[in-house]
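**Q** Next one to model:
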Amino acid sequence: MELAYIPSPSRGVIHLGPIPLRGYAFCIIIGVFVAVWLGNKRWIARGGRSGTVADIAVWAVPFGLVGGRLYHVITDYQLYFSEGRDWVDAFKIWEGGLGIWGAIAFGALGAWIGCRRRGIPLPAYADAVAPGIAFAQAIGRWGNWFNQELYGRPTDLPWALEITSSTDGRVPGSYHPTFLYESLWCIGVALLVIWADRRFKLGHGRAFALYVAAYCAGRAWIEYMRVDDAHHILGLRLNVWTALIVFLLAVTYFVVSAKKRPGREEIVEPGAADGEVEGGDEADGEKAEAEAPERSEEVSETSDDSDPSDAESKKEAADEAESAKKS
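**A** Residues are numbered from 1 along each chain as shown. Model (predicted):
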């Protein structure tokens with residue numbers, strides 16, 4: 001007898017008239033807003049300008065969505081290009097299917113373009129947004145709950161996920177809620193990065209590298225629990241191998257960066273520290289311009305007051321000169 005379980009939503013979309021509101025899309029959007037909000041706070045704390053994170057996110061987010069979808073479609077091409085499938089479904093991102101590996105890779109490319117346009121070092125920007133990305137992933141994973149996807153092996157644990165849909169080969173039953181495991185893991189990763197960054201003053205991309213390594217460590221064992229179709233290499237799922245390889249690359253970068261460039265960047269955004277000074281000079285200039293007419297009026301009033309005495313002195317001098325001439 002099942003005493004408790006996590007119910008799945010009966011549907012992942014609600015229609016407001018002709019407008020569909022999809023739970024998966026909402027989770028992605030909310031995650032992006034959280035990442036930008038937290039990244040902006042961290043960027044300002046590091047000495048950057050407010051709004052810079054959002055400006056660069058305009059490049060990073062679209063690139064990340066395209067990259068995430070490409071990775072998913074390429075690694076699960078049978079879902080879209082095998083017999084009986086409609087290849088047009090590959091473009092229906094709202095139905096689920098984003099690969100985090102492609103999203104991070106292409107998102108980094110978009111961020112690099114945005115950083116180049118602003119004259120900002122990409123590693124510093126990556127350090128600022130790293131915890132926010134982890135929180136965004138934690139929120140985004142709940143989109144899989146709305147779509148009843150990415151669950152693990154069958155289980156009768158009290159927190160088992162109840163799957164009711166039989167679409168795409170699903171078998172109704174109770175399974176490990178791997179989406180929940182990964183969501184909680186991502187929250188832990190975000191908190192770890194925030195703590196380590198404050199404690200050790202991580203810089204030059206090391207906070208981002210810590211996020212990547214910590215996420216990969218959790219993704220490997222969570223991926224191992226999943227039962228959905230996936231490509232296997234030497235008995236392991238493709239994403240397990242990807243997590244292991246990316247983990248090693250992140251750790252290597254962390255170690256090498258710490259030896260070559262210890263500490264944190266002193267300047268993350270050129271000119272940001274002078275912004276307040278420049279603004280102060282402009283304010284002082286405006287104030288001086290406003291006071292200039294008043295000062296000129298005072299000077300004119302003073303000169304007007306002195307005119308009578310000056311006139312008398314000149315008159316006396318003229319009279320003396322006239323007397324001397326006559327004599």
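**Q** Point out where the stretch 51-200 of the chain drops to low pLDDT.
**A** By pLDDT under 70, the stretch 51-200 of the chain contains no weakly predicted segment.
**Q** now do 90
**A** Scanning the stretch 51-200 of the chain for pLDDT under 90 picks out 72-99, 144, 146-150, 164-171.
**Q** Helices along that one, start to end?
**A** 52-75, 78-81, 100-118, 122-140, 142-146, 178-200 (DSSP state H, counting those that start in this stretch).
**Q** what's the most buried one of these?
**A** helix 122-140 (a mean of 25; mean count of other C-beta atoms under 10 Å). C-betas here are computed from N, CA, C, even on glycine.
**Q** Kindly calculate the angle that it makes with helix 52-75.
**A** 60 degrees (axes from the mean of the first three to the mean of the last three C-alpha atoms, to 10 degrees).
**Q** one step back: any idea which of the helices of the stretch 51-200 of the chain gets closest to Ile267?
**A** Between Ile267 and those, the tightest spacing by C-beta to C-beta is seen for helix 122-140, at 8.9 Å.
**Q** Tell me how far the closest one lies from the chain's centre.
**A** Mean C-alpha position of helix 122-140 versus that of the full chain (C-alpha atoms, centre = their mean, to the nearest Å) differs by 5 Å.
**Q** CA-only coordinates of it, as CSV, when you get a sec.
**A** Extracted C-alpha coordinates of helix 122-140, given in CSV (Å, rounded to 0.1, in the frame of the first residue of the first chain):
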residue,chain,number,x,y,z
LEU,A,122,34.6,36.4,-19.5
PRO,A,123,36.1,34.5,-16.4
ALA,A,124,35.0,37.4,-14.1
TYR,A,125,31.5,37.4,-15.5
ALA,A,126,31.3,33.6,-15.3
ASP,A,127,32.3,33.7,-11.6
ALA,A,128,29.5,36.2,-10.9
VAL,A,129,26.7,34.3,-12.6
ALA,A,130,27.8,30.7,-11.6
PRO,A,131,25.5,30.3,-8.5
GLY,A,132,22.6,31.9,-10.4
ILE,A,133,23.0,29.3,-13.2
ALA,A,134,22.8,26.5,-10.6
PHE,A,135,19.7,28.0,-9.1
ALA,A,136,18.2,28.4,-12.6
GLN,A,137,18.9,24.7,-13.2
ALA,A,138,17.2,23.8,-9.9
ILE,A,139,14.1,25.7,-11.0
GLY,A,140,14.2,24.5,-14.6
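**Q** how about the helices of the stretch 51-200 of the chain, which one is nearest Cys27?
**A** Closest to Cys27 of these is helix 142-146 (C-beta to C-beta; 3.8 Å).
**Q** any idea how far the closest one is from the chain center?
**A** 21 Å.
**Q** Summarise which helices and strands that helix is packed against.
**A** In terms of contacts (3 or more C-beta pairs under 8 Å, 6 or more residues apart in numbering; DSSP states H and E), helix 142-146 is packed against helix 23-45, helix 178-200.
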